[in-house]
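>>> okay, structure incoming, though there's no sequence with it:
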DNA sequence: CTAGGGTTAG
């Protein structure tokens, strides 16, 4: 018995202090003991003061615990570490680190118990800098050989996404344990580092450590999250063949991966296994099963199963999986119905449910519905998050709902999700599609950690706006910043060249794609090139390219040739392109219209009639021209020749008035572009009915003079409308943005940004 | 002080 232990024994005999050694001591007993200790000057006793701190901490009275610690003149390591441990246990990591800092400034020696706790606190707070300082202390005081301390550092670096540092510490660990191995495996799997995972996994087994369910799950879920679905499934099969029993977490992860590789037969095997394991009642497993069925295109069966299922068995996750499965399989209407049913019955729906529906709508051409759902979501009190916004923004872009897009931008700024790359690139795309390419660039410049999606978004934006040189600059800049262009980057830069008529440059990019970047040209690149060559009049060259393609051209390639033939009114190649298109997509009226327009341009009326007869006999109608315009938060849709707009009389009057002004200014309607063999007066009438002109007229009527107009058209703008809108932009002093299927036209002061080349 | 893991929205 040492001399220091003596007062401890004496104190134990004091009844009032007895409670400090009992786990059930009440707070008031603790306070009594505290008062007694202060009165009798026993605070210098290390054991007593530490017990006092521990009792207070038990009651979460951390202020009093800290008071005790501060009143000790010469505190020991055990007093500090007791408080640090208690604070950690209550998730008070900042306080825990504060106490540790004080401990360091007191010059108290460290031990192997306190270090893992403070390192853990650093990990929880993502305080990597402080963590590194502690690491230095660890090295300096020779704790490098302590497995627990080292393992805590591995966890810290893994949490801070510093895999290299984690691995370095790990390699020097005197003794590996299952947990540390597991954390490392799952971190590498989440990064998709398949080889590292295999290496560490076999190292672990060579070391004599058996993996447990959590180790297996770490690898399987990690591979699933990093998109290495095949690896995830293979791991699951290996786990099974080695006789390890999966749990509900293994199953939900592997089902997700099975769905992504669409291996329905494996999915069914897993389902049988689930039944055998008795896991069919786990809510995560049910969600994952629904998800798997949906990804394997079995949503029909799913709906039948759903009708027969007791709804009570489904949780929010399962409901969300069902909604996604339905809209993913083209059953958006059914999804909407089911969603409504859930709402009416008061079933819990969360942000994922609403976001799924918004995504379903914007991905299926229901843009106005997506905007409406976003509004309803907020009035239902569900807060949008960093996924909701990138799901909503494409809908804003599709119909150029700039006001809605800006509102979403404002939301992103207020909530701080603006820093998310998905949000950033969605904003870049939205502003570009709404005609605001400068805002697009502004958002792009402010994205903190740009990935290739961001670079492609701004490049695509410039291409859409016919700003070929800006797009090419971005293409070079992205490489200077260390991003390798992918096949989408090449689509963007090629389409920019095609908008700008840069034939030579386009060829260079096309050739360098494989030669310098090893990227094989895909269908879309050929279609860009055919468009590029065809539009600049090199129709024969375009046709040669199609003939030399290494795979069968899709409709988009022949379509590019046919449109170019229409632009240059080339009958011979137009007929060839059309013949191929009629085989590939016999029911697309657009192709027939283009061919008949080519004939009409040469006044070949018999041929025009013949094409029209084919269309009529197949029951095809021309896709009606359709335009959208946003006026005061409200998106209006106008169909060519549709008189249903309540302001139609005023619209026609306005257009008529403008047409008189145009005639005064020497303008003649371009009737060559009218497709039918009708007399001149009727042609003019038809041209007046084009939806983009109706939309411009509606905009002029309902917005203050001088304010810009924003129109979206579902077809390519015709030459006549282009001329008329140019005139209006000058005459009315308006900036008019028109997006057609091909690109943007920014009309200002009587000229268009496309330079009349489109 | 004995540790770690998951499904459904882009």
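It's in. Just so it is clear, the model here is predicted, and its values are computed rather than measured. Numbering: from 1, shown residues only, chains lettered A, B, ... in the order given.

>>> which parts of stretch A:375-390 are buried?
A:377, A:382, A:384, A:386, A:387, A:388, A:389, A:390 (16 or more other Cβ atoms under 10 Å). In short, each C-beta sits where N, CA and C put it, glycine included.

>>> then stretch A:600-614?
By 16+ other Cβ under 10 Å, the buried positions in stretch A:600-614 come out as A:600, A:601, A:607, A:608, A:611, A:612.

>>> do stretch A:735-744 as well
By 16+ other Cβ under 10 Å, the buried positions in stretch A:735-744 come out as A:736, A:737, A:738, A:739, A:740, A:742, A:743, A:744.

>>> got a markdown table for these, with secondary structure and pLDDT too?
Formatted as a markdown table, those follow (DSSP: H, G, I helix; E, B strand; the rest coil; pLDDT from 0 to 100):
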| residue | secondary structure | pLDDT |
| --- | --- | --- |
| A:736 | strand | 93 |
| A:737 | strand | 89 |
| A:738 | strand | 90 |
| A:739 | strand | 90 |
| A:740 | coil | 87 |
| A:742 | coil | 80 |
| A:743 | coil | 84 |
| A:744 | strand | 87 |
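
>>> phi, psi of the residue of chain A found nearest DNA strand B?
Using Cβ to the nearest atom of the strand, the closest approach of chain A to DNA strand B is made by residue A:182 at 2.0 Å. Torsion angles at residue A:182 (phi, psi; degrees, to the nearest 10) stand at phi -60, psi -40.

>>> that one against residue A:218, yeah?
Yes - between residue A:182 and residue A:218 there is a contact under Cβ atoms under 8 Å: 5.0 Å.

>>> looking at these two, which one has more neighbours?
Using other Cβ atoms under 10 Å, the more surrounded residue of residue A:182 and residue A:218 is residue A:218, with 26 against 22.

>>> right, and that one touches residue A:181 too?
No - here residue A:218 does not reach residue A:181: they are 9.1 Å apart, not a contact under Cβ under 8 Å.

>>> residue A:645 falls within a helix, correct?
No - assigned with DSSP: H, G, I helix; E, B strand; the rest coil, residue A:645 falls outside any helix and is coil.

>>> so how far is residue A:637 from it?
For residue A:645, the distance to residue A:637 (Cβ to Cβ, to the nearest Å) stands at 9 Å.

>>> do the same with residue A:287
In terms of Cβ to Cβ, residue A:287 sits 37 Å off from residue A:637.

>>> contact partners for residue A:523?
Residues in contact with residue A:523, defined by Cβ atoms under 8 Å, 6 or more residues apart in numbering, are A:551, A:553, A:554, A:556, A:557.

>>> is the second one in a helix, a strand, or coil?
Three-state assignment for residue A:553 (three-state DSSP): coil.

>>> give me the pLDDT for it.
On pLDDT, residue A:553 comes in at 94.

>>> phi and psi next, for it.
phi -70, psi 140.

>>> re earlier: now the residue of chain A closest to DNA strand B. Nearest residue, chain neighbours left out?
Distance criterion Cβ to Cβ, 6 or more residues apart in numbering; nearest residue to residue A:182, sequence neighbours excluded, is residue A:215 at 4.3 Å.

>>> what helix or strand is the one you found on?
Following DSSP states H and E, one finds residue A:215 within helix A:213-225.

>>> my read: residue A:618 touches residue A:587, true?
Yes - proximity of residue A:618 to residue A:587 meets the contact threshold set by Cβ under 8 Å, at 7.0 Å.

>>> tell me where the stretch 551-700 of chain A has helices.
A:555-568, A:571-584, A:589-601, A:605-617, A:648-664, A:680-688, A:691-702 (DSSP state H, counting those that start in this stretch).

>>> hey, least reliable of those by pLDDT?
For the helices of the stretch 551-700 of chain A, where the average pLDDT is lowest is helix A:680-688, sitting at a mean of 55.

>>> from the buried residues of stretch A:375-390, which is closest to residue A:338?
Nearest to residue A:338 out of the buried residues of stretch A:375-390 is residue A:377 (Cβ to Cβ; 16.5 Å).

>>> what residues does the helix or strand the closest one falls within touch?
Using DSSP H and E, residue A:377 sits within helix A:367-379. Here helix A:367-379 makes contact (Cβ under 8 Å, 6+ apart) with A:336, A:354, A:357-358, A:361-362, A:384, A:388, A:391-392, A:395-396, A:398-399, A:401, A:404, A:408, A:635.

>>> so that helix, near DNA strand B or not?
No - for a cut-off given as Cβ under 7 Å from any atom of the strand, helix A:367-379 has no contacts with DNA strand B; the smallest distance is 11.0 Å.

>>> tell me the first helix or strand C-terminal of that helix.
With DSSP H and E setting the assignment, the helix or strand that follows helix A:367-379 is helix A:388-398.

>>> chain center to that next one, what's the gap?
The chain centre lies 11 Å from the centre of helix A:388-398; the measure is Cα atoms, centre = their mean, to the nearest Å.

>>> per-residue confidence averaged over it?
So the average pLDDT for helix A:388-398 ends up being 96.

>>> tell me what angle that helix forms with helix A:367-379.
150 degrees (axes from the mean of the first three to the mean of the last three Cα atoms, to 10 degrees).

>>> just give me how far the helix or strand hosting residue A:333 sits from the chain centre.
Using DSSP H and E, residue A:333 sits within helix A:332-344. Its chain's average C-alpha position is 24 Å from that of helix A:332-344, according to Cα atoms, centre = their mean.

>>> again with stretch A:197-206
34 Å.

>>> and stretch A:428-435, by the same measure?
Computed by Cα atoms, centre = their mean, the separation of stretch A:428-435 from the middle of its chain amounts to 16 Å.

>>> quick one: pLDDT of the closest residue in space to residue A:486 that isn't next to it in sequence?
Distance criterion Cβ to Cβ, 6+ apart; nearest residue to residue A:486, sequence neighbours excluded, is residue A:452 at 5.8 Å. Per-residue confidence at residue A:452 stands at 93 (pLDDT).

>>> next one: residue A:452 from residue A:425, what distance?
Distance, residue A:452 to residue A:425, by Cβ to Cβ: 10 Å.

>>> more crowded one of these two?
The neighbour comparison of residue A:452 against residue A:425 (other Cβ under 10 Å) goes to residue A:425, with 24 against 16.

>>> surely the more buried one is in a helix?
Yes - assessed by three-state DSSP, residue A:425 belongs to a helix.

>>> got a list of what it touches?
Per Cβ under 8 Å, 6+ apart, neighbours of residue A:425: A:390, A:447, A:451, A:453, A:454, A:457.

>>> which of these fall within helices?
Of the contacts of residue A:425, the ones assigned to helices by DSSP state H are A:390, A:453, A:454, A:457.

>>> how about the third one: what's its closest non-neighbour residue?
Yep, that's residue A:454 we're talking about. Residue A:454 sits nearest to residue A:425 (Cβ to Cβ, 6+ apart), 4.5 Å away.

>>> pLDDT score for the one you found?
pLDDT, read off for residue A:425, is 96.
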